[in-house]
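# Pasting the sequence and the predicted model now:
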Amino acid sequence: MKRITILLAAAALVLSVSVPAVLASSGTGTRIVLKAAKAFPAAKGSAKFRSRPDERELEVEVEHIRRLAGKRVAFFVAGKKLGAAKINAFGAARIDRNSERGHRVPSVRVGTNVAVRTLAGVKIVSGSF
């Protein structure tokens, strides 16, 4: 009995370490954490993708980059620019694309990269689904 408990605990530890970026995957979508680049060590970000038969939605956000307040940043998915947004006074920006509203929403699969960069191309945060 003790051996089974130890094996189950070890298996749970391996699973929790092997998928740290995915926070949730359910009917509400898949959410990932975007990690800070060296140029912006305090930056935090996340991306959420949801797909239903009649709708696809992708949200990407970045925060804790107050030094870029008032400037625009670019959002990339699978290496292609999705759009740009202005950093607000609190150091955050967000982009939200929904097919129901007529937006182009790229396909997202396991391994799809997401990044937020300055318009000069400096990476702020990145991650993958």
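Now that the structure is in, tell me what you want to look at.

# Downstream of the helix or strand of the chain with the lowest mean pLDDT, the next helix or strand is which one?
Every helix and strand in the chain was compared by mean pLDDT, DSSP states H and E; the lowest is strand 22-26, with a mean of 42. Past strand 22-26, further along toward the C-terminus, the next helix or strand under DSSP states H and E is strand 29-36.

# Run a quick neighbour tally on the residue lying closest to A93 once chain neighbours are set aside.
Closest residue to A93 apart from its sequence neighbours, by Cβ to Cβ, 6 or more residues apart in numbering: A85 at 4.2 Å. Glycine gets a C-beta too; all of them are placed from N, C-alpha and C. Here the number of neighbours of A85 (other Cβ atoms under 10 Å) works out to 19.

# Kindly report the same for A120.
7.

# cool, the one 4 residues further on as well?
The number of residues packed around I124, counting by other Cβ under 10 Å, is 24.

# what residues are up against it?
By Cβ atoms under 8 Å, 6 or more residues apart in numbering, the residues touching I124 are 36-37, 39-40, 43, 45, 62, 65, 68, 73, 115-118.

# Please check the residues you listed and keep the buried ones.
36-37, 40, 43, 45, 62, 65, 68, 73, 115-118 (16 or more other Cβ atoms under 10 Å).

# so where do the helices sit in this structure?
Counting by DSSP state H, the chain has helices at residues 2-18.

# just so I have it, where are all the strands in it?
22-26, 29-36, 44-52, 55-63, 72-77, 80-86, 93-98, 113-118, 123-128 (DSSP state E).

# The last one pairs with which strands?
The partner list of strand 123-128 in its sheet, established with DSSP bridges, is strand 29-36 (antiparallel), strand 113-118 (antiparallel).

# what's the offset of the first one from the middle of its chain?
This points to strand 29-36. Distance, stretch centre to chain centre, for strand 29-36: 3 Å (Cα atoms, centre = their mean, to the nearest Å).
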